[in-house]
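Trainee: mind folding the following:
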Amino acid sequence: MKFEGGLNGPLRASPEDGLRRRSPRSNAAGRRLAGGDSPFRFSRHGRGLVSAIGVLFALVIRTVVPFGSADAWAAAQLPQSRVDAGPVPAARRTIAVPSGGDLQAALDRAEAGDAITLVPGAVYTGPFTLPKKPGDGWIVVRTAAPDDRFAPPGRRVGAADAGLMPKLVAAGQAVLTAAPGAHHYRFVGVEIRPRDGTFLTTVVNLGGEPRSPDEFPHHLVFDRCYVHGDPAKGARRGIALNGRDIAVVDSRVSDFKEAGADSQAVAGWGGPGPFAIVNNYLEAAGENVLFGGADPAIRDLVPADIEIRRNVIAKPMSWKSGEAGFDGKGWTVKNLLELKNARRVLIEDNVLEGNWAQAQNGFAVLFTVRNQDGRAPWSVVEDVTFSGNVVRHAGAGVNILGQDDIHPSQRAQRITIRDNLFEDVGGARWGGGGTLVQILGGPGQVTIEHNTALQTGNIVMAEGPPAQEFVFQDNIALHNAYGLAGAGAAPGRGTLQAFFPRAVFRRNVIVGGESGQHPDDNFFPRSVDRVGFVDPAAGDYRLRDRCPYKNAGTDGRDVGADVGRLRALAASLDGPPSETGVKP
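Mentor: Modelled structure (predicted):
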């Protein structure tokens, strides 16, 4: 049995064998592709007609459709508006709340331009509500610790900084809730958590379920804050982002975990954006970062203009059975980042680490459009740029779904996966099959270029209607068993012609592949040792100076990712090994 669940509902046990109708709250975005009598037989939830169409196209066009050109294809749009999380003017007035004082009264009394200071280490018991105020000046709620003792802007805080933070706690309901239309609040250097021994559904609730645009909370910033669940009992959700102009920066959002339901560090489904999630440590058992997952109450609403940059997005090994330090709890584990309803998303310069097959099949990243509860047929995943990331220690790489196969949705399109390093993907430790990219249901305009991948499974697995516009170029990846595998199609060229007519497939280094199974203008070294990596045993996948694939990309760059830059990025974020406990 595997388990599926929606954003707000418990998990339900479900069989893994093919044709059935899932409940409206089913979360099936990360579906298992199992073997069977044939290596290209896909056993997954709800395959039905999608699989049959894929096989039909494989039979009809396998040998007659030429490969194409990407010149006329539209690029993924970047976010069009950004959250301003920069410095704010000096406070007009300061309201100091002593230890044991009434923070809610201070929030009610504060006016635009005021600062509320809280005593480091003091506990303030809520719940608290952020009232709607006139004016557009900021109300800053911050630690009273001197600036020269606290982390400066741009430095991510951790649990070690909590001694200089005031503690906001509550039991029974969210610690912080934004009233409809509340705006211009900034929290700096504050710890926000459940009361000891308490499980909360949401710790910070920004927006709830807005039903009209004037109800959106907006201009809300959490800067150098420590938001977490209870260490023993967990919590379902850290920060619910259901408004606009909301930022979480330089913060730690951790210990969000639950057995039998999905949990998230940050999640948004009912607000239009923009959102900025920058330079944080984000930890959750279900989906560390999620957009979509419940139907918005406002028609045609799609969370948009989302920046997810320079974060460590991880699950600790203490949550994984069989690892040293396992806590013995059965937290429900799914993926590291999932988009179900989102547009114009930039996911850049992050480290995503530690994801294994448990309640889902091990894919680290999911771009899987879902009209979750059947009331939002406008749901879409489009204009997504996944660039400059390190994805490692995971059961599989990226899963892309073209259309919801349960309820009507829009077609996923314009998804770019560029200049990423995928390392230690698949294998017995993580489960999941080790597939680099899975493409189901015919998404439009998918571009995969300049990635370096060390994965144990196939490079691409495909099923369903063809993806008409597909670019795969300038990548380094391991062929392994079948390389390019599609349901009902021969591996390699046969899969490209069946599932990716007009594909651009060139200048790739397919390690261990056969030239006769692939289009011309690609490279086929027999083993990793023959690629020309500087030191693959030590994880240094830069190309040596005399490597034949240097400056051999379609754009004159080295084939593969800019691994030197990505190694420096991972070192600068300085989190994954110590935070997660992953050891090679």
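Trainee: would you mind measuring the gap between the ends of stretch 216-236?
Mentor: 22 Å (CA to CA, to the nearest Å).
Trainee: chain center to it: distance?
Mentor: Centroid separation between stretch 216-236 and its chain, computed with CA atoms, centre = their mean, to the nearest Å, is 17 Å.
Trainee: what's the answer for stretch 145-160, then?
Mentor: Centroid displacement of stretch 145-160 relative to its chain, using CA atoms, centre = their mean, is 26 Å.
Trainee: which of the residues in it are buried?
Mentor: Applying a neighbour-count criterion of 16 or more other CB atoms under 10 Å, one finds 145, 150-151, 156-158 buried in stretch 145-160. Quick note: C-beta positions are derived from backbone N, CA and C, even for glycine.
Trainee: quick check: the farthest pair among these?
Mentor: By the measure CB to CB, Ala145 and Arg156 form the most distant pair in those, at 16.7 Å.
Trainee: quick revisit: out of the buried residues of stretch 145-160, list just those in strands.
Mentor: Among the buried residues of stretch 145-160, no member is found in strands (DSSP state E).
Trainee: nearest to Leu573, out of those residues: which one, please.
Mentor: Set against Leu573, the nearest of those by CB to CB is Arg156 (8.1 Å).
Trainee: contacts only, for the closest one.
Mentor: 224, 250-252, 279-281, 575 (CB atoms under 8 Å, 6 or more residues apart in numbering).
Trainee: try 10 Å
Mentor: Residues in contact with Arg156 (CB atoms under 10 Å, 6 or more residues apart in numbering) are 224, 249-252, 278-281, 310-312, 573-575.
Trainee: do Leu168 as well
Mentor: Going by CB under 10 Å, 6+ apart, Leu168 touches 103, 118, 122-128, 141, 175-176, 187, 190-193, 203-204, 225, 227.
Trainee: among those, name the ones in helices.
Mentor: Of the contacts of Leu168, the ones assigned to helices by DSSP state H are Leu103.
Trainee: show me which of the contacts of Leu168 are buried.
Mentor: Buried by 16+ other CB under 10 Å: 103, 118, 122, 124, 126-128, 141, 175-176, 187, 190-193, 203-204, 225, 227, out of the contacts of Leu168.
Trainee: and the gap between Leu346 and Arg93?
Mentor: Leu346 sits 37 Å away from Arg93, going by CB to CB, to the nearest Å.
Trainee: these two: who's more crowded?
Mentor: Neighbour count, other CB atoms under 10 Å: between Leu346 and Arg93, Leu346 has more, with 21 against 10.
Trainee: so what pairs up with the more buried one in the strands?
Mentor: Per DSSP bridges, the residues bridged to Leu346 are Glu307, Thr385.
Trainee: ok, the buried residues of stretch 145-160 vs Arg565, which is closest?
Mentor: Looking across the buried residues of stretch 145-160 and measuring by CB to CB, the closest to Arg565 is Arg156, at 19.7 Å.
Trainee: so what's the residue lying closest to Lys329 once chain neighbours are set aside up against?
Mentor: Using CB to CB, 6 or more residues apart in numbering and skipping residues adjacent in sequence, the residue nearest Lys329 is Ala259, 6.5 Å away. Applying CB under 10 Å, 6+ apart, we find Ala259 in contact with 11, 234, 285, 329-332, 359.
Trainee: Ala259: helix or strand, and which one exactly?
Mentor: Applying DSSP states H and E as the criterion places Ala259 outside every helix and strand.
Trainee: just Ile246 next, same as before
Mentor: Take DSSP H and E as the rule and Ile246 turns out to sit in strand 244-249.
Trainee: tell me the strands beside that strand, with direction?
Mentor: strand 218-223 (parallel), strand 275-278 (parallel).
Trainee: what's the mean pLDDT across it?
Mentor: The average pLDDT within strand 244-249 is 98.
Trainee: give me the distance between that strand and the centre of its chain.
Mentor: For strand 244-249, the separation from the chain centroid amounts to 16 Å (computed by CA atoms, centre = their mean).
Trainee: over to stretch 446-459?
Mentor: Relative to its parent chain, stretch 446-459 has a centroid offset of 17 Å by CA atoms, centre = their mean.
Trainee: same question for stretch 297-306.
Mentor: 18 Å.
Trainee: what comes up buried for that stretch?
Mentor: 297-298, 301-306.
Trainee: and what of stretch 210-225?
Mentor: By neighbour count, with 16+ other CB under 10 Å as the criterion, the buried positions of stretch 210-225 are 210, 215-225.
Trainee: likewise stretch 474-484?
Mentor: Neighbour counts over stretch 474-484 (16+ other CB under 10 Å) mark 474-480, 482-484 as buried.
Trainee: ok, so of those residues, who is nearest Gln403?
Mentor: Nearest to Gln403 out of those is Leu484 (CB to CB; 21.8 Å).
Trainee: check contacts around the most centrally placed residue in the chain.
Mentor: The centre of the chain sits closest to Leu337, judged by CA atoms, centre = their mean, with a distance of 1.8 Å. Contacts for Leu337 (CB under 10 Å, 6+ apart) come out as 282, 287-291, 308, 311, 313, 345, 347, 350, 352, 355, 363-367, 386, 389, 391, 398.
Trainee: which element is it on?
Mentor: Here Leu337 sits within strand 335-339, counting by DSSP H and E.
Trainee: rewinding a little: can you lay out the strands paired with strand 244-249 as a markdown table showing mean pLDDT and distance to Met165?
Mentor: Listed next are the strands paired with strand 244-249 as a markdown table, based on pLDDT from 0 to 100; distance: least, CB to CB, whole Å:
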| stretch | mean pLDDT | distance to Met165 |
| --- | --- | --- |
| strand 218-223 | 98 | 12 |
| strand 275-278 | 98 | 20 |
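Trainee: which stretch among the ones you listed comes nearest Ala112?
Mentor: Nearest to Ala112 among the strands paired with strand 244-249 is strand 218-223 (10.8 Å), distances taken as CB to CB.
Trainee: restrict the closest one to CA atoms and write it as PDB.
Mentor: The C-alpha coordinates for strand 218-223 follow below in PDB (Å, rounded to 0.1, in the frame of the first residue of the first chain):
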ATOM      1  CA  HIS A 218       0.000  42.000   2.200                       C
ATOM      2  CA  HIS A 219       3.500  43.500   2.700                       C
ATOM      3  CA  LEU A 220       4.500  41.000   5.400                       C
ATOM      4  CA  VAL A 221       8.100  40.100   6.000                       C
ATOM      5  CA  PHE A 222       9.700  37.500   8.300                       C
ATOM      6  CA  ASP A 223      13.400  38.400   8.600                       C
END
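Trainee: going forward, begin numbering at 43 instead of 1
Mentor: Understood, numbering begins at 43; the last thing we discussed is strand 260-265.
Trainee: can you give me how far stretch 408-420 is from the chain middle?
Mentor: Relative to the centre of its chain, stretch 408-420 is centred 16 Å away, using CA atoms, centre = their mean.
Trainee: pop the domain breakdown of the chain in here.
Mentor: Domain assignment for the chain, taken from automatic domain parsing, gives 43-103+379-626, 132-328.
Trainee: and the helices in the chain?
Mentor: According to DSSP H, the helices that the chain contains are 90-103, 145-151, 535-541, 605-615, 618-622.
Trainee: Pro129 against Pro195, yeah?
Mentor: Yes. Taking contacts as CB atoms under 10 Å, Pro129 lies within contact range of Pro195: 7.4 Å.
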